[in-house]
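**Q** Build me a model:
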Amino acid sequence: MLKKILNVFTLSLPLSIGAPLIGAPLIGAQLIAVPLIAATLIAATLIAAPFHAMSADLSSVDVASIVKNAEKAAYYSGNDGRSDARMMIVDAQDRKQMRQFTILRRDIEDNGDQQMMVFFSRPADVKDTVFRVEKHVDLTVEDDRWLYLPALDLVKRISSGDKRTSFVGSHFFYEDVSGRAISEDSFELQQETDVAYILKATPKAPDTVEFAHYVVTIDKKTKLPILINFFKADNINYRRVEAVKIEEIQGFPTVVRSKVSDLESGAYTLMEFRNISFDLGLGDDVFSERSLRNPPREWLN
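**A** Model prediction:
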């Protein structure tokens, strides 16, 4: 029975996925904050048009500030937040699976530690499953991740070795949901255009990840990552993360639709976000171990 239940939360599609920029792709804390234009059009423009550098001396650009501001814009809007999410997983044979859940997030401090709870409501095989995260920016301290499996009344700890496995059969990893610290990668500015910065990120501990590097496009206006391409050691682009639709909510640029694509198999995951709100005053009890078995219903409806 345990094996059957856990199979729901393991790789169910032919995936080849890398870690997202600045913590994660467009899910998790970023799901509760990001940009204000049709990012699909931005991404298409950036892909199709040649890049024209704005400055001959790229070394004069403060890359550290660009990356830190992008992290703040993508993951730290407001002091806390909530969002309802619907995930559609499409495999290489065009078969579809759906996941529906609510995410609650609270910041301990800007660009610092965070707490997160993910409460699943659909389909039936994942209903009442809960994912809990205590994120630490100190790289000497492992993030704490737990998964509550209601059918077994079991709390399963997600070890550091499991954080790069599929999140409920989707094209996201557990680490994608809780976020990847910017201090884990080295960033280099490759190009600057009228509207964006294009940076290359290389992992500082390459043996812990499956990608060799990724290239991220950060929109100058919103300071948000709008396009991320992941590459293997042979420089093959095998994964892409895109902001598909963006709106402004409570003054914060916010992703309301995103897409993660496996470029090798053609499989992908679409994510849509609704009922997004910030600065709710979420308390300690919401992010406690008790909430795994007794969810805070007042924040889930």
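**Q** Return the list of strands paired to the helix or strand in which residue 200 is found, each annotated with direction.
**A** According to DSSP states H and E, residue 200 maps onto strand 196-203. With DSSP bridges as the test, strand 196-203 is paired with strand 185-192 (antiparallel), strand 213-219 (antiparallel).
**Q** Can you show me the CA trace of that strand as CSV?
**A** C-alpha atoms of strand 196-203 as CSV (Å, rounded to 0.1, in the frame of the first residue of the first chain):
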residue,chain,number,x,y,z
ALA,A,196,16.0,42.9,-20.4
TYR,A,197,19.1,41.5,-18.9
ILE,A,198,20.3,38.1,-20.1
LEU,A,199,22.4,36.2,-17.6
LYS,A,200,24.1,32.8,-17.5
ALA,A,201,24.0,30.9,-14.2
THR,A,202,26.4,28.1,-13.4
PRO,A,203,25.9,25.9,-10.3
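**Q** centre of the chain versus it, how much separation?
**A** 17 Å (Cα atoms, centre = their mean, to the nearest Å).
**Q** what's next to that strand, contact-wise?
**A** 19, 21, 42, 46, 51, 61, 63, 66-67, 184-192, 209, 211-220, 226 (Cβ atoms under 8 Å, 6 or more residues apart in numbering). C-beta: built from backbone N, CA, C; applies to glycine.
**Q** average model confidence for that strand?
**A** Averaged across strand 196-203, the pLDDT comes to 97.
**Q** Which positions within it qualify as buried?
**A** 196, 197, 198, 199, 200, 201, 203 (16 or more other Cβ atoms under 10 Å).
**Q** now the third one, nearest residue through space, not along the chain?
**A** Pointing back at residue 198 there. residue 191 (4.3 Å; Cβ to Cβ, 6 or more residues apart in numbering).
**Q** ok, now how distant is that neighbour from residue 236?
**A** Distance of residue 191 to residue 236, computed by Cβ to Cβ, to the nearest Å: 21 Å.
**Q** between the two, who's got more neighbours?
**A** More crowded of residue 191 and residue 236, by other Cβ atoms under 10 Å: residue 191, with 19 against 12.
**Q** Can you tell me how far that one is from residue 217?
**A** Counting by Cβ to Cβ, the gap from residue 191 to residue 217 is 9 Å.
**Q** quick one on the thing from earlier: export the strands paired with strand 196-203 as a markdown table, with columns for mean pLDDT.
**A** Listed next are the strands paired with strand 196-203 as a markdown table, based on pLDDT from 0 to 100:
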| stretch | mean pLDDT |
| --- | --- |
| strand 185-192 | 96 |
| strand 213-219 | 96 |
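**Q** Tell me which of these sits most buried.
**A** strand 213-219 (a mean of 23; mean count of other Cβ atoms under 10 Å).
**Q** Okay, now the unreliable bits of the chain?
**A** For the chain, the stretches with pLDDT under 70 are 1-57, 160-161.
**Q** Which stretches in it count as helices?
**A** Listed in chain order, the helices of the chain (DSSP state H) span 2-7, 39-48, 63-75, 174-178, 290-293.
**Q** list the helices and strands the third one packs on?
**A** Helix 63-75 is packed against strand 185-192, strand 196-203, with contacts defined by 3 or more Cβ pairs under 8 Å, 6 or more residues apart in numbering; DSSP states H and E.
**Q** please redo it, this time with the cut-off set to 10 Å
**A** strand 96-107, strand 185-192, strand 196-203, strand 213-219, strand 225-231, strand 252-262 (3 or more Cβ pairs under 10 Å, 6 or more residues apart in numbering; DSSP states H and E).
**Q** ok and it relative to strand 196-203, angle-wise?
**A** Interaxial angle, helix 63-75 versus strand 196-203 (axes from the mean of the first three to the mean of the last three Cα atoms, to 10 degrees): 100 degrees.
**Q** Tell me what the closest residue in space to residue 275 that isn't next to it in sequence is bridged to.
**A** Distances taken as Cβ to Cβ, 6+ apart place residue 84 nearest to residue 275, at 4.6 Å, with adjacent residues excluded. Judged by DSSP bridges, the bridge partners of residue 84 are residue 102, residue 274.
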